[in-house]
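# Below: sequence and its predicted model.
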Amino acid sequence: MDINELFNQAVLDSKKLSEKPSNEILLQLYAFFKQATEGDINIEAPSNPFDFVAKAKHTAWDELKGKSSDDAKQAYIDLVKGLQS
């Protein structure tokens, strides 16, 4: 299977995990997914200082700036595989 097929399978597998991952892991999954599918962050930081979830998501994605789509896909795949064991 190529990287795109493996990534798509990992996305499906992430929805079937036996336990819900921690918020930190969920942020990593979100950031890797966004970087893999959209590339470098292209939105402004949230303006509401009390929207902690949106700020955390923005920061997590922003930290991956410059990472290639394939590298982000591989990181997502590896993270999901680690959660399955």
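Perfect, I can see it now.
# Now L79: which helix or strand?
Per DSSP states H and E, L79 falls inside helix 69-84.
# Could I get the average pLDDT for that helix?
The average pLDDT for helix 69-84 rounds to 97.
# Could you do stretch 56-65 as well?
For stretch 56-65, the mean per-residue pLDDT is 96.
# thinking again about what came up before, tell me how far the helix holding L79 is from the chain's mean position?
In this view, helix 69-84 has its centroid 9 Å away from the chain centroid, taken as Cα atoms, centre = their mean, to the nearest Å.
# Check stretch 65-74 too.
What separates the centre of stretch 65-74 from the centre of its chain is 10 Å, taken as Cα atoms, centre = their mean.
# the helices in the chain, which residues?
All helices of the chain, identified by DSSP state H, fall at 3-14, 23-38, 52-62, 69-84.
# And the closest residue to I77 other than its chain neighbours, how far from Q84?
With Cβ to Cβ, 6 or more residues apart in numbering as the criterion, I77 has its nearest non-adjacent residue at 4.5 Å, and that residue is A10. C-betas here are computed from N, CA, C, even on glycine. To Q84, A10 is 9 Å away according to Cβ to Cβ, to the nearest Å.
# Neighbour count for these two, which is higher?
Between A10 and Q84, A10 has the larger neighbour count (other Cβ atoms under 10 Å), namely 23 against 12.
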